[in-house]
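Trainee: Attaching a predicted model along with its sequence, questions to come.
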Amino acid sequence: MADRTLLYDLSFPQIQALLVRWGEPRFRAEQLWHWLYASLAGDWEQMTNLPSGLRQRLAAETELSPLTPVTSQESANGQTRKVLFRLRDGETIESVLMRYTDRRTACISTQVGCGMACLFCATGQGGLVRNLSAGEIVGQVIHLARQVRQTESGQRSGAEQAHPVGNVVLMGMGEPLANYEATWQAIETLTDDRGYNLGARRFTLSTVGLVPGIRRLAEEALPINLAVSLHAADDQLRDRLVPINRRYPLAKLMDAIRDYAGKTKRRVSIEYALIDGVNDAPEQAYQLVRLLEGLLCHVNLIPLNPTPGSPWQPSPREQVDAFRAVLEAAGMPTTVRLRRGIDIEAGCGQLRRRELSAASDS
Ligand code: SAH
């Protein structure tokens with residue numbers, strides 16, 4: 001029910017205040033927080049050290065589940081799983097779980113849809129519906145972590161048992177810096193050492209380049225990683241691919257990124273989707289080198305993933321290699337992002353609010 005308080009929406013002090021208002025001793029907040037974020041409890045009955053009266057009141061007056069999985073799809077190689085969730089108001093979002101040998105990464109959404117309208121991105125093509133709440137953001141990680149714990153028990157190291165999801169990338173649907181408050185609260189909740197206790201360095205927030213948000217991030221105490229979706233090194237092309245560039249053109253964006261790296265001393269990831277014949281010529285690689293010169297950064301090249309509304313194709317292998325060679329020759333750390341989950345449309349820029357009839361129930 002959408003009108004009941006969602007527990008995952010509350011910060012620790014807010015949970016404490018709620019329970020104190022109900023006449024509970026202060027330590028109850030720690031117990032409840034532990035159930036939510038360390039035990040990953042999915043129902044009230046599990047919370048055995050809470051008095052049954054309190055459990056009943058919580059069940060009656062608050063909501064434990066921010067989202068319900070509707071469908072989930074597994075890539076053919078078993079490494080990637082995409083889940084479509086229904087939120088309490090009926091809207092839907094997608095999240096992706098990526099399995100690597102020694103860790104699990106959750107790629108989560110921060111908005112229903114996205115208002116940034118990047119031409120090559122499936123999420124952008126659908127427009128923005130609304131922001132997610134902190135609890136809806138946190139809930140995606142908790143759901144995926146619980147699922148890993150249940151389905152992959154016995155195969156994990158100690159670190160993986162404590163953190164069934166060991167990395168979180170805010171690279172799903174939406175623009176996290178356009179939903180700053182909720183996104184930041186979600187990160188604070190998941191890093192809280194009384195609960196899920198994931199290190200801030202395990203988080204990567206990807207932005208289309210909202211300058212005020214980047215400047216605000218630079219002031220935060222938690223040292224999360226920043227990734228910026230650049231895709232073009234000149235304003236004319238970037239205006240076209242990433243329309244928000246008209247508001248925050250490259251000169252302003254690069255100033256903010258340089259200030260961020262200077263202040264935090266952390267390496268910024270620069271994401272660049274390689275589009276055949278659009279932004280992948282060697283001259284464009286040289287342009288990118290000049291733009292990033294002297295910046296503490298790492299370039300992530302992503303051969304474009306196909307999306308229905310866009311005419312563009314990924315750069316062929318030789319163009320990717322040639323582009324990369326220019327960056328490497330200039331001493332720029334560069335990787336080509338592993339393409340994952342393309343067969344289930346779980347790749348970068350492929351997430352949408354869509355239910356597939358072919359998908360199996362989770
Ligand atoms: N709005 C944020 C978070 C989304 S992250 C951002 O723009 O960074 C998703 C990443 O996938 C971004 O780097 C985005 O530019 C990239 N992307 C979008 N569509 C893509 C596509 N079709 N192929 C490859 N990457 C794409």
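Mentor: Perfect, thanks for sending it.
Trainee: Would you mind listing what in the stretch 51-200 of the chain touches the ligand?
Mentor: 116, 118, 120-121, 171, 175 (CB under 6 Å from any ligand atom). In short, each C-beta sits where N, CA and C put it, glycine included.
Trainee: Just the helices from this protein, written as ranges.
Mentor: Ranges of helices in the chain, per DSSP state H, are 12-21, 27-37, 52-61, 122-125, 134-151, 158-162, 180-191, 211-217, 235-241, 250-264, 282-292, 317-329.
Trainee: okay if I get those as JSON lines plus mean neighbour count?
Mentor: Shown next, in JSON lines, are these (neighbours: other CB atoms under 10 Å):
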{"stretch": "helix 12-21", "mean neighbour count": "15"}
{"stretch": "helix 27-37", "mean neighbour count": "19"}
{"stretch": "helix 52-61", "mean neighbour count": "14"}
{"stretch": "helix 122-125", "mean neighbour count": "24"}
{"stretch": "helix 134-151", "mean neighbour count": "23"}
{"stretch": "helix 158-162", "mean neighbour count": "12"}
{"stretch": "helix 180-191", "mean neighbour count": "21"}
{"stretch": "helix 211-217", "mean neighbour count": "18"}
{"stretch": "helix 235-241", "mean neighbour count": "16"}
{"stretch": "helix 250-264", "mean neighbour count": "17"}
{"stretch": "helix 282-292", "mean neighbour count": "17"}
{"stretch": "helix 317-329", "mean neighbour count": "15"}
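Trainee: Relative to C348, which of these is closest?
Mentor: Evaluated over those, closeness to C348 peaks at helix 122-125, with 9.9 Å, by CB to CB.
Trainee: Contacts only, for the residue lying closest to Q287 once chain neighbours are set aside.
Mentor: Leaving aside its sequence neighbours, Q287 sits nearest to A233 (CB to CB, 6 or more residues apart in numbering; 4.1 Å). Neighbouring residues of A233 by CB atoms under 8 Å, 6 or more residues apart in numbering: 250, 284, 287-288, 290-291.
Trainee: Quick check: the gap between A233 and P249.
Mentor: Distance of A233 to P249, given as CB to CB, to the nearest Å: 12 Å.
Trainee: Over to N131?
Mentor: Taking CB to CB as the measure, N131 and P249 are separated by 25 Å.
Trainee: before we move on, back to that, kindly indicate which of the residues of the stretch 51-200 of the chain next to the ligand lies nearest L6.
Mentor: Among those, and counting by CB to CB, the member closest to L6 is E175, at 22.3 Å.
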